[in-house]
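1. Build the 3D model from these lines:
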Amino acid sequence: MNKNKCAIIFGSNGQDGHYLNQLLNNLNFQVINVSRSNAAICGNVKDYNFVQMVIKENNPDYVFHFAAISSTKHEFLFENHETISTGTINILESVKLFSPNARVFISGSAMQFKNDEKPIDETTHFEASSPYSIARIQSAYAARYYLNKFGLRIFIGYFFNHDSPLRSEHHVNQKIIRAVQRIASGSNEKLILGNISVQKEFNYAEDIVEAVWALVNQDSISEAVIGSGKAYFIKDWVEHCFSLKKLNWLNHVELQNNYIPEYGILVSNPALIKKIGWRPKTDFYELANIMMHA
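-> Modelled structure (predicted):
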C-alpha cells in the first residue's frame, strides 16, 4: 500500500538509520539514504544547497534527521553545531519550500535535559550541559518554530540509551561486549572501565526506531521521550555479559579510581509514547544476547 511513498534518511549510516531503512523497505517505501560516505547519496547535512537539492528532487513523504556526532566532548563543538543544529534548519527550510506536506522527524537526546536523577519526561527542562546538548536544544527550538510558525508536521523523539550490534566500541556497552568476546577467545587483556555504579537504560535500537515510526504516524503529540523507563547498573551489564561466556568478570576488569561520570542515573518516563501504543519488545537480557552473538 505504501509502494509509491518516499522517505529520506539523513544520517543513514548509523544504527538508527540502518533499522529504519529495514522497516521502511519492509513497507515497500522508496528509501533515499543520505550520509557523508557509503550511502546512496553522499553529502553533508550542514550544506544547505545539498539538502535543498535532495528534498526538492525527491519530494519526500517523510524526512528523518539522524545525523550527529554522538559525543558530548567539547572538541566536537563545531561539528555537533553544524550537523545537528544547522542540519535541522537546512532540512526544515527545504521542507517548507519544496515538500511542506512531509512528516519530519528530528532526533533529540536524553542528554539535553536537566537531570536531577528522577525520570525525565517531555516537561523536564532543557539544560545546556555540553556542546552536544546545546546543539540538541537549538535543534528542538528550531523544530518548534517551524511547527508553530509554518504548520509543518514535525516530530521530535528524545532518545535514551539504545544499542545494537552496529554500535562502535566508543559506546561502553559495545566496548564491554567486544572485550568479553576477545577474552573468551583467549585474549589476556584487562577491560578498563570507569564507574560501573552508573545506572542507565539498555534499549534495542530496532525497538527505538519502531517508536519513531509510531510517533510520526499520529497527530496527537509532537514531542516524546523514547525509552523503556527501566534503568540498570553498568555493573549488571558487565556481570551478565561475562556470564554469557561462563567467565567471572572480577578476573578480567580493572576500574579507573578517579573516573567521574556525567551522571549517576539517566532514565526516562515513557508514559506519553506508550499512549500511542508503542512498547519495547527487547529487554536487557535479550539485548545482551543479540549483541554478544551477532
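
2. which residue is nearest the centroid of this structure?
-> F159 (5.1 Å; Cα atoms, centre = their mean).

3. Tell me the helices and strands packed up against the longest helix along the chain.
-> Determined from DSSP state H, the single longest helix within the chain is helix 131-150. Secondary-structure packing of helix 131-150 (3 or more Cβ pairs under 8 Å, 6 or more residues apart in numbering; DSSP states H and E): helix 77-80, helix 87-98, strand 103-109, strand 153-159. All C-beta atoms are positioned from the backbone trio N, CA, C, and that covers glycine.

4. Can you tell me what sits against the second one?
-> The reference is to helix 87-98. The set of residues external to helix 87-98 that reach it, using Cβ atoms under 8 Å, 6 or more residues apart in numbering, is 10, 45-48, 51-52, 54-56, 59, 63, 65, 67, 102, 104, 106, 138-139, 142-143, 146, 150, 152, 154.

5. Which positions in it come out as buried?
-> For helix 87-98, burial by neighbour count (16 or more other Cβ atoms under 10 Å) applies to 87-96, 98.

6. from the contacts of helix 87-98, which would you call buried?
-> Buried, going by 16+ other Cβ under 10 Å: 10, 45-46, 51-52, 54-55, 63, 65, 67, 102, 104, 106, 138-139, 142-143, 146, 152, 154, out of the contacts of helix 87-98.

7. lowest confidence element among the helices and strands of the protein?
-> helix 77-80 (a mean of 87; mean pLDDT, DSSP states H and E).

8. For it, which outside residues touch it?
-> With Cβ under 8 Å, 6+ apart, helix 77-80 has contacts from 68-69, 71, 131-132, 134-135.

9. As CSV, those residues with distance to F78 and pLDDT would be great.
-> Output for those, formatted as CSV (distance: Cβ to Cβ, whole Å; pLDDT from 0 to 100):
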residue, distance to F78, pLDDT
A68, 13, 89
I69, 10, 82
S71, 13, 78
P131, 8, 94
Y132, 12, 94
I134, 11, 96
A135, 10, 96
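
10. Kindly give a single PyMOL line that selects the buried subset of the residues you listed.
-> Buried residues among those (16+ other Cβ under 10 Å), as a PyMOL selection:
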select buried, resi 68+69+131+132+134+135
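
11. now the contacts of helix 77-80 as a markdown table including distance to S185?
-> Output for the contacts of helix 77-80, formatted as a markdown table (distance: Cβ to Cβ, whole Å):
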| residue | distance to S185 |
| --- | --- |
| A68 | 33 |
| I69 | 31 |
| S71 | 29 |
| P131 | 38 |
| Y132 | 34 |
| I134 | 42 |
| A135 | 39 |
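
12. Just the closest of the contacts of helix 77-80 to K175, please.
-> S71 (14.0 Å; Cβ to Cβ).

13. my read is that closest one is in a helix, agree?
-> No: assigned with DSSP: H, G, I helix; E, B strand; the rest coil, S71 falls outside any helix and is coil.

14. I'd like to know how far the closest residue to it other than its chain neighbours sits from S85.
-> Once flanking residues are discounted, S71 sits nearest to Y132: 6.5 Å by Cβ to Cβ, 6 or more residues apart in numbering. Using Cβ to Cβ, to the nearest Å, we find Y132 at a distance of 11 Å from S85.

15. Now do the contacts for Y146.
-> Contacts of Y146 by Cβ under 8 Å, 6+ apart are 92-93, 95-96, 152, 154.

16. For these, please prepare JSON lines with the additional fields distance to F284 and pLDDT.
-> Listed next are those as JSON lines, based on distance: Cβ to Cβ, whole Å; pLDDT from 0 to 100:
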{"residue": "L92", "distance to F284": "36", "pLDDT": "98"}
{"residue": "E93", "distance to F284": "41", "pLDDT": "98"}
{"residue": "V95", "distance to F284": "37", "pLDDT": "98"}
{"residue": "K96", "distance to F284": "41", "pLDDT": "98"}
{"residue": "L152", "distance to F284": "37", "pLDDT": "98"}
{"residue": "I154", "distance to F284": "32", "pLDDT": "98"}
